[in-house]
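K.L.:
Sharing a model prediction with you, sequence too.
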Amino acid sequence: MSKRPLVWFVVCWVAGSAAAASLTSSAVLLLGIALAFFLAGLALLGYTGRRLAFICLAAFALAVGERTFVDMRNVTALEEFAGEAVEARIDASFTAGAKLTGTIVSPVAVDGDRASFHILVSLLNREKQPREMKERMLVQVKLFQEEEREIAAGWRRGDQIEVSGELQLPAEATNFGGFDYRRYLHSKRIHWLFKVQGAQAISTRTTSNWTLPAMLGTVDQARGWLAERLDRLYSGQHAGYMKGLVIGMREDMDPAQFQQFSGLGMSHILAISGLHVGVFLYGLTLAMRLFRMTKESTMNVLIVAVPIYVLLAGATPSVTRAGLMAVIGLIAAKRHMLKDGLHILAFAGLAMLIVEPYMLENVSFQFSFLVTAGLILGVPRLRRALPDWKRGRWVLDMTAVSIVAELISFPLTIYYFNTYNLLSLPANLLLVPVISSVSLPLGTVSLLLSLIWQPLGEAAAWLARITNTFTFTTIESLDQISITKLIWPSPSIGWMAVWFVAVLVGIYLLAAAASLRRQLRDEQAGPKEQADHSIDGAAVDLPTQPLGLPLGTGKGTLTGTGYSRTTFRNRRIQAAALAVLIIVMLVYAYSPGRWDKAAVVQFLDVGQGDAILIRTPQNAHILVDGGGTVKFRKNSEEWRERRDPFEVGRKVVVPLLKKRGVQKIDLLVISHLDTDHIGGLQAVIETIPIRKIVWNGTIKPSSDARVLLATALGKGIPVYRACTGIEMKIEPHATLEVLWPRTSCNFNDLEHMPVKEAKDQNGSSVALLLKLYGRSLLLAGDMEAASEKFLLNQLQEEQQNKGPVDLLKLSHHGSRTSTTEEWLQYWQPAAAFISVGRTNTYGHPHPTVTERLDKHEVLTWRTDQHGEIQIKIRDNSMKLRTGLDGRLSN
């Protein structure tokens, strides 16, 4: 520890900041006491000095204090509104009209029919009561006319602004493990959204150019100008890609293309980081040599140029980290000081965390620092374990870098994105050299040459497009291989910590074993043949060992060889044990819930729609519907379309399934083909393997229904009609019976049976009776009163007594046309669940239905009020918890 005191100081600082952010005060205190005992033990054993132990403990305490202080100050000045909205539990519907005066303090993003930016509010006027304040808010402007896009594009960071609109509290996570927008904005010191209707509600004026926001606004304009130059040089996919690659502006990149890069673990190439800073410094150094500048003058230019490059690249955490390290390294080199990469990295991280403690929660920050630390610690050692080629050394260097980067980034990748592609390493080995040594330099050169003369830039851009096409084709081809895409549930922080230690120890053992192997090889070769020496023409034999040393004490003796072999054997045993540990960790992380025999019914909160995920006792997964986003847009309003529009399947359902480790769906039930039930299933079918599909046996004349079924058949997924009386025994404690539609068939495949068209799908909804450990759950899609009555009559005629049930999902989101008095009397549910959207325009659930439930004393939970609803069922118990409350109840 004493060799790298700053590193350990920063490690303890990070631990303190993380503890203060995620633990209770008592837990932080206990952790601090444990750390004190641990450091004292290290000092007593001589592994570190007392001073360093005290400094590390002080770092932990200081970080806890700073984070606690920052959290205490990071509160809204409008606490009375926030308390009212939270207590009412109507987040999205709580509004408070107001007029704000302040300064735009972020770039203005115009996307489709929405413009958004951050404002530092200096005055809030509500109900003619002005109130001075200093608080950052996120302004979201709904644009009504295409011409308003041009108005919004003219707003700049640093402008003074007056805007009228409504305050809203950001939405919090309503699904377990879902994205928490409120917490995300809190980390940016934003507590309110300010919703604005139309650009006419905003007036701006330009102020002094010497304020910090105005100067940063000038940087925004420069970035925009560079982006326009790249748009002139490139078109289509090339334009968005090159803007991301060269200046870090990924907003215009095709979302599907970015997803392909991300799926192969190559999105890092589009995040301006150490690679880009290195290329920038190399190119600038070559330019300085053309002017015959001295080494010291070149360093001075580089030190000044790096911060400018960081600003032009967007000042993201990754490029800020790389820029800080570059400046520190250049200053150290200029002063002929000893340079240590880990110390430089630690100093950069400490500086960033002191300035902004919330940076610790930034995903880009975590990836950048952990991977860089892994490269510094691991690459030199792993490189020693690889062959020492005289030619092609760069291939082995690149291999070592890629392997270490993959191993270090793996736990972060599966924690945040829950997907790992086995082709990630080959893709990086193949494409990163091409992109870093050809595409990036050509893109930069084309931009610079276009500033001198456009045709010169276009010539370089033509060459860049050739390499880009190769990259795009390769990425697209690799992305189509689905068998290599593995879904992982998010691991625990403890698992990740053990993984990092195991990887670094493993690399150390490989390097040590390689050194011992070379030593054994040299020893087994024996002493070199004695050379023929001559003195004054007379041949003499010179001794091969220094005189006076006894045999058996030097390198190459039997004793040395035996020691080396024993050490080598021990290293192999240690490596084998570590390999077993890593394999066990991977097996566990891939399916940590395989030993949990509880069944879980999960009513996902997908807004106004249905999506029910069921996990059986033997870890099979059944998905009933997938929600959907209903769009009401005319063909003449294409300008309203956003670059990456919200789609509930891609943004909510698929991420939740991945996070919970759903590697395949054993049965997908499509209750009917209305958009609010199938819209999200398109993303599910395209992303997650599905063994079979059961649907209501009709076709709806809509594009999303036809595309969905065509996609399923194109992937070779068996598609079956839901038929009355079919009962599936999924496993000993899980059965499923189809009650509706009342049609008889032999469970034929879709391709061999007639399909009728049904525009009105509600009456054809699939009704299922699911039993888990003897507990019954009735799911009936959007069945309405007529279908409910018909089903009850049929059951009575056939003298089938299916009720009562323990759990009932209300049909059609609690519409007054469903869940009749007779329906409740027959099924007699103990608890009912309503999947319904907040502030939906349909009035769901209808008051007559909720009154009917109260009359029958049915416990009721709603996704709009409770968020996701989970019921965990065991052989002798059933417990419920909700996403907004998080409480368990029997």
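P.N.:
Yep, that arrived. Residues are numbered from 1 along each chain as shown.

K.L.:
Quick one: low-confidence residue ranges for the stretch 301-450 of the chain.
P.N.:
338-339 (pLDDT under 70).

K.L.:
where do the strands sit along it?
P.N.:
With strands called from DSSP state E, counting those that start in this stretch, the stretch 301-450 of the chain shows them at 419-421.

K.L.:
swap in the stretch 1-150 of the chain?
P.N.:
Counting by DSSP E, counting those that start in this stretch, the stretch 1-150 of the chain has strands at residues 96-104, 109-111, 114-126, 129-142.

K.L.:
Quick one: residues contacting residue 517.
P.N.:
Residues in contact with residue 517 (CB atoms under 8 Å, 6 or more residues apart in numbering) are residue 568. (C-beta placed from N, C-alpha, C; glycine too.)

K.L.:
How much space separates it from residue 234?
P.N.:
The gap separating residue 517 from residue 234 is 50 Å, by CB to CB, to the nearest Å.

K.L.:
what's around residue 203, how many residues?
P.N.:
12 (other CB atoms under 10 Å).

K.L.:
What strand or helix carries it?
P.N.:
strand 202-205 (DSSP states H and E).

K.L.:
Which strands or helices does that strand pack on?
P.N.:
With contacts defined as 3 or more CB pairs under 8 Å, 6 or more residues apart in numbering; DSSP states H and E, the secondary structure elements packing on strand 202-205 are strand 160-168.

K.L.:
Show me the contact partners of the strand it packs on.
P.N.:
78, 81, 91-92, 94-104, 119, 139, 155, 192-197, 201-207.

K.L.:
how about 6 Å then?
P.N.:
The contact list for strand 160-168 (CB atoms under 6 Å, 6 or more residues apart in numbering) reads 95-101, 103-104, 192-196, 201-205, 207.

K.L.:
cool, stretch 210-218 as well?
P.N.:
Here stretch 210-218 has contacts from 103, 105, 156, 157, 158, using CB under 6 Å, 6+ apart.

K.L.:
list the buried ones in that stretch?
P.N.:
213, 214, 216, 217 (16 or more other CB atoms under 10 Å).

K.L.:
Can you pick out the most distant pair from those residues?
P.N.:
Farthest-apart pair in the buried residues of stretch 210-218 is 214 and 216; separation 7.3 Å (CB to CB).

K.L.:
In contact with residue 820, which residues are there?
P.N.:
With contact set as CB under 6 Å, 6+ apart, residue 820 has these partners: 785, 788.

K.L.:
Excluding residues flanking it in the chain, which one is nearest residue 776?
P.N.:
Of all residues not flanking residue 776 in the chain, residue 805 sits nearest, at 4.3 Å (CB to CB, 6 or more residues apart in numbering).

K.L.:
any idea which helix or strand carries the one you found?
P.N.:
Assigned by DSSP H and E, residue 805 belongs to no helix or strand.

K.L.:
if we can go back for a sec, now the strands of the stretch 1-150 of the chain in a markdown table, with mean neighbour count, distance to residue 263 and mean pLDDT?
P.N.:
Below are the strands of the stretch 1-150 of the chain laid out as a markdown table (neighbours: other CB atoms under 10 Å; distance: least, CB to CB, whole Å; pLDDT from 0 to 100):
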| stretch | mean neighbour count | distance to residue 263 | mean pLDDT |
| --- | --- | --- | --- |
| strand 96-104 | 20 | 35 | 90 |
| strand 109-111 | 16 | 23 | 94 |
| strand 114-126 | 19 | 27 | 94 |
| strand 129-142 | 16 | 30 | 93 |
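
K.L.:
quick one on the thing from earlier: check the offset of the strand holding residue 203 from the chain's centre.
P.N.:
Centre-to-centre, strand 202-205 and its host chain are 36 Å apart (CA atoms, centre = their mean, to the nearest Å).

K.L.:
Name the residues that touch that strand?
P.N.:
Here strand 202-205 makes contact (CB under 6 Å, 6+ apart) with 155, 159, 160, 161, 162, 163.
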